[in-house]
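Q: model the following, please.
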Amino acid sequence: MFMQTAGNRCWVAASRIDSHGADESVRLELAQKCPTAPAPNN
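A: Next comes the predicted model:
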């Protein structure tokens, strides 16, 4: 995982290193929203 920047923009990128040692881009998707857990009773 990498943080990449260009000018005033930034984004997260992921790469996989293949068997030849070259970077291979990995497509990222937005995570689904996680359900909220009930607050613990203390």
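
Q: when you work out contacts or count neighbours from here on, use the C-alpha atoms and nothing else.
A: Noted.

Q: contact partners for the residue nearest to the spatial centre of the chain?
A: Among the residues of the chain, the one closest to the centroid is Val12, at 5.7 Å (Cα atoms, centre = their mean). Counting by Cα atoms under 8 Å, 6 or more residues apart in numbering, Val12 touches Met1, Phe2, Met3, Gln4.

Q: let's see if you can find the most crowded of those residues.
A: Within the contacts of Val12, neighbour counts (other Cα atoms under 10 Å) peak at Gln4, which reaches 11 neighbours.

Q: so in the protein, where's the weakest helix or strand by average pLDDT?
A: strand 2-6 (a mean of 83; mean pLDDT, DSSP states H and E).

Q: who does it pair up with?
A: The pairing partners recorded for strand 2-6 under DSSP bridges are strand 9-17 (antiparallel).

Q: pLDDT of the partner strand, averaged?
A: Here strand 9-17 scores 87 as its mean pLDDT.
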